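Asks: What would the 3D arrangement of this be:
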Amino acid sequence: MPGLMSNLDIMKEADAFPYEDTEPEASKTLNKTLYTLVWKDGQPLGFMLDTVLKELLATPEKVRGPVLVDEAKRTVRAFELPTAEERTKLVAGLMAYWREHGTFDILRGWRDELWPVFGSDDEVLYSVERSGTGLLGLMRYGVHMTAYVKDPTASYGMKILVAQRAANKSTYPNMLDNSVAGGLMTGEDPFECIIREADEEANIPEELMRERAKFKGMVRYIYITDERAGGEAGQIYPEMQWVYDIEIPTDFTATPKDGEVAGFWLWTVDEVREKLAQGRFKPNCALILVDFFIRHNIITPENEPDYDQIVRRLHRRLPFPGPHQVGVPTT
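Replies: Here you go, the predicted model:
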């Protein structure tokens, strides 16, 4: 059937930032539109579009603070106040100003959630309103969990819990997700975050989560937004996700709780793969499911000719500091 996505197509949609060694022309073209947001010592923090830099420079300096642009290196230095609290306040004022003036559509999805910006692997330089992180091209951190039940009558002996996003969500409405996911706020522990999200989205009890949810590693990729993300297309989203699995009891039924999920289904692996091929899943949720299938020996080097490329895109090397450079969490 024409138009179906391969596993590699699925990965390329989620990990869309071109690789310099294998996609040199696309990489060169994109980099002409980008500036690197750096810290004082030159440490990269994010990839900022030239259109965003233009608006940053057009914003009164009393709002955005001093900004230093090196056109030769295509770097930007900003928000370099003495303390994390002062930097966070400055960035918050900038985002509020842009929101008030309707500068960027993405800020209409304001979340009142602060996400961390790391200057080293464990130091938070400042925090940024969640909906504005993409404008600065900053690292984004989250948690994803795939729930499944054992079923010897189903293909591969399991069924997977799939969520459908609510029709009124500002991002990717009506698309499919893996079971539970959410963003990591400043200072939040990943495991505590997935417990919170499991309760809020699927009504999974904390006791069940602590007993059965298992950390399975990290994935790293760079997404480039389209209109489904609820704002300006083309924003750069470097992301790292802590990944969890949970085997849920056969008599447990997930139920929507906070309004972000329209409903849940238990689908066979073949049903999930069909929907993946049709492009029905939110791109990074599709990536999480490909990772799940690799870890459960459903996708293997023997049955997937693009296996090595897929694995590379699941664990992309990123130039930005943060916990993704350290290793796995202790929880």
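
Asks: And the helices in the stretch 201-331 of the chain?
Replies: Along the stretch 201-331 of the chain, counting by DSSP state H, counting those that start in this stretch, helices occupy 206-212, 269-277, 283-295, 307-314.

Asks: list the buried ones in the first one?
Replies: Meaning helix 206-212. In terms of neighbour count (16 or more other CB atoms under 10 Å), helix 206-212 has its buried residues at Met209. C-beta coordinates here come from the backbone N, C-alpha and C atoms, glycine included.

Asks: What are the neighbouring residues in contact with Phe292?
Replies: Thr146, Ile160, Asn178, Asp245 (CB atoms under 8 Å, 6 or more residues apart in numbering).

Asks: same check, this time on Met139
Replies: Leu45, Gly46, Val117, Phe118, Pro238, Glu239, Met240, Leu318, Phe320, Gly322, His324 are the contacts of Met139 under CB under 8 Å, 6+ apart.

Asks: Could you find the closest non-adjacent residue to the fourth one?
Replies: Okay, so that is Phe118. Nearest-residue entry for Phe118: Gly322, 3.9 Å, with adjacent residues in sequence omitted and distances by CB to CB, 6 or more residues apart in numbering.

Asks: And for Val269?
Replies: Excluding the flanking residues, the one nearest Val269 by CB to CB, 6+ apart is Tyr156, at 4.6 Å.

Asks: tell me the pLDDT at the one you found?
Replies: On the pLDDT scale, Tyr156 is placed at 96.

Asks: So it versus His296, what's the distance?
Replies: 7 Å (CB to CB, to the nearest Å).

Asks: Quick check: the closest residue in space to Ala78 that isn't next to it in sequence vs Thr59, distance?
Replies: Using CB to CB, 6+ apart and skipping residues adjacent in sequence, the residue nearest Ala78 is Val67, 4.7 Å away. Distance of Val67 to Thr59, given as CB to CB: 9 Å.

Asks: one step back: can you tell me which of the contacts of Phe292 are in strands?
Replies: Residues from the contacts of Phe292 lying in strands, with DSSP state E as the criterion: Thr146, Ile160, Asp245.

Asks: Most neighbours of all those, which one?
Replies: Thr146 (26 neighbours; other CB atoms under 10 Å).

Asks: beta partners for that residue?
Replies: Beta-bridge partners recorded for Thr146 (DSSP bridges): Asp245.

Asks: Quick check: it touching Ile160?
Replies: Yes: if you go by CB atoms under 8 Å, Thr146 and Ile160 touch, sitting 6.5 Å apart.

Asks: joint contacts of these two?
Replies: By CB under 8 Å, 6+ apart, the residues touching both Thr146 and Ile160 are Asn178, Ser179, Leu289, Phe292.

Asks: doesn't Pro238 make contact with Phe47?
Replies: Yes: between Phe47 and Pro238 there is a contact under CB under 8 Å: 7.3 Å.

Asks: Now for these two: what residues contact both?
Replies: Common neighbours of Phe47 and Pro238 (CB under 8 Å, 6+ apart) are Gly137.

Asks: Residue nearest the middle of this structure, spatially speaking?
Replies: Compute the mean C-alpha point of the chain, and by CA atoms, centre = their mean the closest residue is Glu239, 4.5 Å away.

Asks: Neighbours of the nearest residue to that residue once chain neighbours are set aside, how many?
Replies: Leaving out its chain neighbours, the residue that sits closest to Glu239 by CB to CB, 6+ apart is Arg140, at 4.7 Å. Arg140: 21 surrounding residues under other CB under 10 Å.

Asks: ok, Arg140 - contacts?
Replies: Neighbours of Arg140 in contact, by CB under 8 Å, 6+ apart: Trp115, Thr133, Gly134, Gly183, Tyr237, Pro238, Glu239, Met240.

Asks: Phi, psi for it please.
Replies: Backbone torsions of Arg140, given as degrees, to the nearest 10, read phi -120, psi 140.

Asks: what about it, distance to Gly134?
Replies: Arg140 is 8 Å from Gly134, by CB to CB.

Asks: Overlap in contacts, those two.
Replies: With CB under 8 Å, 6+ apart, Arg140 and Gly134 have common neighbours Tyr237.

Asks: Could you tell me how far the residue nearest to Ala78 is located from Ile194?
Replies: With CB to CB as the criterion, Val67 and Ile194 are 37 Å apart.

Asks: Please say which of the two ends up with more neighbours.
Replies: With neighbours defined as other CB under 10 Å, Val67 and Ile194 compare such that Ile194 has more, 27 against 15.

Asks: surely that one meets Lys216?
Replies: No: under the criterion of CB under 8 Å, Ile194 is not in contact with Lys216, lying 11.3 Å apart.

Asks: what touches both of these two?
Replies: In contact with both Ile194 and Lys216: Tyr244, using CB under 8 Å, 6+ apart.

Asks: if we can go back for a sec, list the contacts of the residue nearest to Val269.
Replies: Contacts of Tyr156 (CB under 8 Å, 6+ apart): Thr268, Val269, His296, Ile298.
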